[in-house]
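Student: Sequence below, structure please.
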Amino acid sequence: MAMTNEAIATQHRPHDVSRWLRHLGTWRAHARWLFPDKALDALEAAIRDSEKAHRCEIRLVIEAAMPLAAVWRGHTCRQRAVHLFRQLGVAHTSERTGILLYINIADHDIELIADKGVDARVSPRTWDTVVARMSAGFRDERYVQSVLDALNTLRDIARESLPAHAGAAPDNALTDRPLMI
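Tutor: This is a model prediction of the structure:
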């Protein structure tokens, strides 16, 4: 598995009350405001179109706030992303080519996790660049466009690393619809 983000060095302490309150006060409506249905439709279309060009499975998860018990225990967004990577089946694609792009609104965090079938073909610096560009776009409040740009970059990376088999229909083992939790 791969990935980083600019906050990877930041470890959350158990019982961090201010972080717990931030997650308590960040509602799903916040995520819906940043990513309304029209935006989710565009993101879904970008993922669907992307997967026609390569053998990777891309899963986008946008989470307003982590479960409060996990926050209280000091779980990081990275740990949450790894959990979702497994729980949502991204880790169980046939060629081990799943890619999870995880956005946590409350922590202002982005995690990208790539399964070993694709991670072995891509340098860690490449993944870091995708996240860094997305983070920069978020700082400029270009949320949807930043995710679309990241998905386009992931398409290019996946197409170069694991191009689609000629004449074969895409496997599409995972839904292309972004998951809002």
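Student: State the next helix or strand along the chain beyond the helix ranked longest in the chain.
Tutor: Taking DSSP state H as the criterion, the chain has its longest helix at helix 143-161. Using DSSP states H and E, the next helix or strand after helix 143-161 towards the C-terminus is strand 179-180.
Student: could you give me the average pLDDT of that following strand?
Tutor: For strand 179-180, the mean pLDDT works out to 98.
Student: so who does Pro163 touch?
Tutor: Contacts for Pro163 (Cβ atoms under 8 Å, 6 or more residues apart in numbering) come out as 53-55. C-betas here are computed from N, CA, C, even on glycine.
Student: can you do 6 Å?
Tutor: Pro163 sits next to His54 when contact means Cβ atoms under 6 Å, 6 or more residues apart in numbering.
Student: again with Leu151
Tutor: Counting by Cβ under 6 Å, 6+ apart, Leu151 makes contact with Ala46.
Student: again, only using 8 Å
Tutor: Residues near Leu151 by Cβ under 8 Å, 6+ apart: 43, 46-47, 50, 58, 60, 101.
Student: separation between it and His83?
Tutor: According to Cβ to Cβ, to the nearest Å, Leu151 stands 22 Å off from His83.
Student: which phi and psi does the residue nearest the centre of the chain have?
Tutor: Centroid-nearest residue in the chain, with Cα atoms, centre = their mean: Leu101, separated by 1.1 Å. The phi and psi values for Leu101, taken as degrees, to the nearest 10, are phi -110, psi 110.
Student: Quickly list what it is bridged to.
Tutor: Beta-bridge partners for Leu101, by DSSP bridges, are Leu60, Leu112.
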